[in-house]
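Enquirer: Next comes the sequence, and after it the predicted model I'd like to discuss.
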Amino acid sequence: MVSSRVSSSMVLVNDQGTVEQELDGSCDIRNSSGGRASAVRVPASQRVGSSNDLLPLILVKLKQILEAELGLWKKTFASLLTVNRSFFHCGSDELWEEMDSILPALKLLPWFKFQYAGIGCYDYSGSDDWGRFRLYSSRVKYLILQSSSKVKIPEPWFMELFTLPGRPHPFFPLLQIIHVSLDALLGPPFLFLLIGPSLQSLTIIDGKPTERVLSLLPMLSGSAPALRTLTYRGPCSEELLFGISKLHTLASLFLKINGRGDGRWFRHLRSLPALQSLSIGAPFLDVFPDPLMSASVPVYPPLLDLESLEVRTTESQHCLLSRVLPPRRLDKLELMYDNASDVTAINLSIGLYLQAKPELRILIVSFTGIPILQSSPIPSAGRSEWRSEKETREVMRFWLKRLRKLRKLAISDIPFDLAASISPTLLRAISRWEHLTSLRFRVRLDASEPELSTRTFFSTPLFPGISFLASKIWRFCPYLEEMEYHFDKTLVAEEDLSESLKTCETSMEGPLLEERGSVRPKAHHRLQRLCINTGTTAEESKQMELPVSRKIQIATFLDRLFPALVVVEGSAKESWSEIEAWVKSYQEQREYIVARVEGMFDGF
């Protein structure tokens, strides 16, 4: 029989009308005698429509377009499920992957009517009646329960559902992420139907005390072996933290406590063996004087694997938590102080957190002026036994100088009076931070003059002048790429820069400088962004009158030290914008001269 080639959009189907074979390119179909009867070429568009590799990517893109333009996409997706088997499976995966209610799943049950009212007169036979439910429930991976109003099930019917023989457990076997709010917690306890071995992340937003969260923790311990992340926002109790301490698979724990409590309860978290990241927000904890009497951290079983610690609370509570939670090593430490004013407690708490943390690479400290409910006052008898400001300043300085691997230091929005006390400590420690790449010390200035004088508190100015960039930054921080610091306005305008620049240029004569056992390039500093803030009030910081000669002097100084500078800015925007323009003009001249010299040598 003569063979022929036919162009067709047909696909092979079996007798039941379902897809039997996907055709790729040219496919020959031979007749029963072995000859070539016909050849069917399936168009590329049709092959894409049945590709299990490409189709999911196309549907994800379609979902993004529909969400951006209409905000509604599920109805469109549902209409695509009947195209073919591949559309059905890929489309169903997208439709059911993320759910905000379990009601659509309950509607798949054969005895469900207008609302869930139990089995009633339905002849329940067991697991076979859950077949349609399983087809879709196995696709759910992310569940957000915001409200219980969508699913109202009287307690007797919920208990019937919970105890039905043959019921799948958990409801959604591949569910990985659950986010549940207070309103949903007050409804039927669906979480007991949802927690299973695939669960990796659980978020509980609980606005007021509830026994349901406490009753859930033992189930999490036994039924969620893959749980790695727990986020909880709500009231605190020792029972809650004790229950959380039994979740030994946790790697990340985020706690935002919105009520009073005892910071010593957090000692239970030392029992989490795999914890790598811990975040605590607890501004309302009760205050005790004991933590401010000692300048050392007690020896407790440490959090061995903790790499990141973030704590937001008051300065006195920081002193307590730094002693209650002493990790052995940290890569990142972030501290937030609410409405802070006590420099003694701030110095001590930072020093205690840093104690024996030589591996720390990132230190972030920020201050908020948000008024909060004041904690219980510390008795005057307790205050008299506190460490002095000088002692606590030495504690902080001692441990700051041991951060030899520090890469990033950011202190943001610190009140001026506190900044004036802490800045000299930083200036003394910075020579030890050879690997520093980012430095920020941003002061929050108010409308009125601070009470503290920046000239009389110490024998030397509390904030540096421009020469600091040569004596400290250029000399000891060769890898620093971005810097923002608060400078002494008078020194910026008046100090002599020639001597410090001359010292640096003398060092440049040798391309390598050996220091502390390492050989480092010195002539090409990496600083690219420099922000110089000044002033004691918000309005004053915006103005800095400098003669043109001084601006040129500063620009020359910066250009000689930092040839890679891209941005020069500061609180007095107009003055620093002019200085930046001068720096860039020097860079352009240098590049022009280098190009000319290279061109001359190219001619030989």
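Expert: Yep, that arrived. Numbers count the residues shown, from 1 in each chain.
Enquirer: Let me know the pLDDT of Asp446.
Expert: Listed pLDDT for Asp446 reads 84.
Enquirer: Likewise for Glu515?
Expert: What the model reports as pLDDT for Glu515 is 45.
Enquirer: again with Thr229
Expert: pLDDT recorded at Thr229 is 98.
Enquirer: May I have the beta-bridge partners of it?
Expert: Ser201, Ser252 (DSSP bridges).
Enquirer: what's around it, how many residues?
Expert: Counted with other CB atoms under 10 Å, the neighbours of Thr229 add up to 16. C-beta: built from backbone N, CA, C; applies to glycine.
Enquirer: go on, Glu574?
Expert: Glu574 has 11 nearby residues by other CB under 10 Å.
Enquirer: In which helix or strand does it reside?
Expert: Under the criterion DSSP states H and E, the helix or strand holding Glu574 is helix 573-602.
Enquirer: could you give me the average pLDDT of that helix?
Expert: In this model, helix 573-602 has an average pLDDT of 85.
Enquirer: Now it: buried residues?
Expert: Buried residues in helix 573-602, counted by 16 or more other CB atoms under 10 Å: Ser575, Trp576, Glu578, Ile579, Glu580, Trp582, Val583, Tyr586.
Enquirer: which one among those gets closest to Ser147?
Expert: Proximity of the buried residues of helix 573-602 to Ser147 (CB to CB) peaks at Trp576, which lies at 52.0 Å.
Enquirer: What residues does that closest one make contact with?
Expert: By CB atoms under 8 Å, 6 or more residues apart in numbering, the contact list for Trp576 reads Ile532, Val568, Glu569, Gly570.
Enquirer: beta partners of the first one?
Expert: Legend: beta-bridge partners of Ile532 under DSSP bridges are Tyr485, Gly570.
Enquirer: for it, what are its contacts?
Expert: Residues near Ile532 by CB under 8 Å, 6+ apart: Ile466, Tyr485, Phe487, Val492, Val568, Glu569, Gly570, Ser571, Trp576.
Enquirer: what do you get for the third one?
Expert: When contacts are counted by CB under 8 Å, 6+ apart, Glu569 is found next to Arg529, Leu530, Cys531, Ile532, Trp576, Ser577, Glu580.
Enquirer: export the residues you listed to JSON lines and tack on distance to Ile473?
Expert: Formatted as JSON lines, the contacts of Glu569 follow (distance: CB to CB, whole Å):
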{"residue": "Arg529", "distance to Ile473": "13"}
{"residue": "Leu530", "distance to Ile473": "9"}
{"residue": "Cys531", "distance to Ile473": "13"}
{"residue": "Ile532", "distance to Ile473": "12"}
{"residue": "Trp576", "distance to Ile473": "17"}
{"residue": "Ser577", "distance to Ile473": "22"}
{"residue": "Glu580", "distance to Ile473": "18"}
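Enquirer: now, the most widely separated pair of these?
Expert: Distances among the contacts of Glu569 were taken as CB to CB; the most separated pair is Arg529 and Ser577, at 14.2 Å.
Enquirer: How confident is the prediction for Asp417, by pLDDT?
Expert: Here, the pLDDT recorded for Asp417 equals 90.
Enquirer: Just the element for it, please.
Expert: helix 416-429.
Enquirer: Mind giving me the packing neighbours of that helix?
Expert: Counting contacts by 3 or more CB pairs under 8 Å, 6 or more residues apart in numbering; DSSP states H and E, helix 416-429 is packed against helix 343-354, helix 389-400, strand 408-415, strand 438-444.
Enquirer: Adjacent strands (with direction) for the shortest one?
Expert: Based on DSSP bridges, the pairing partners of strand 438-444 within the sheet are strand 408-415 (parallel), strand 482-486 (parallel).
Enquirer: Alpha carbons only: can I get that strand in CSV?
Expert: What follows is strand 438-444, C-alpha atoms only, in CSV (Å, rounded to 0.1, in the frame of the first residue of the first chain):
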residue,chain,number,x,y,z
SER,A,438,29.2,48.9,55.6
LEU,A,439,29.1,51.5,58.5
ARG,A,440,26.1,53.6,59.5
PHE,A,441,25.7,55.8,62.6
ARG,A,442,22.6,57.9,62.0
VAL,A,443,21.4,60.3,64.8
ARG,A,444,17.8,61.4,65.3
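Enquirer: Show me what it is in contact with.
Expert: So strand 438-444 is contacted by 367, 369, 407-416, 419, 423, 426, 430, 477, 480-486, 533 (CB under 8 Å, 6+ apart).
Enquirer: mind running it again at 7 Å?
Expert: For strand 438-444, the external contacting residues (CB atoms under 7 Å, 6 or more residues apart in numbering) are 367, 408-416, 419, 423, 426, 480-486, 533.
Enquirer: closest one to Leu250 among the strands paired with strand 438-444?
Expert: strand 408-415 (26.3 Å).
Enquirer: I'd like the strands paired with strand 438-444 laid out as a markdown table, including distance to Arg440 and mean neighbour count.
Expert: Listed next are these as a markdown table, based on distance: least, CB to CB, whole Å; neighbours: other CB atoms under 10 Å:
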| stretch | distance to Arg440 | mean neighbour count |
| --- | --- | --- |
| strand 408-415 | 4 | 19 |
| strand 482-486 | 4 | 22 |
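Enquirer: Could you dump those into a markdown table with distance to Tyr353 added?
Expert: Below are the strands paired with strand 438-444 laid out as a markdown table (distance: least, CB to CB, whole Å):
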| stretch | distance to Tyr353 |
| --- | --- |
| strand 408-415 | 14 |
| strand 482-486 | 22 |
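Enquirer: picking that back up, can you put the helices and strands packed on helix 416-429 in a markdown table and add distance to Ile204?
Expert: As requested, these are exported to a markdown table (distance: least, CB to CB, whole Å):
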| stretch | distance to Ile204 |
| --- | --- |
| helix 343-354 | 28 |
| helix 389-400 | 36 |
| strand 408-415 | 30 |
| strand 438-444 | 34 |
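Enquirer: Deepest-packed of the ones you listed, please.
Expert: helix 343-354 (a mean of 25; mean count of other CB atoms under 10 Å).
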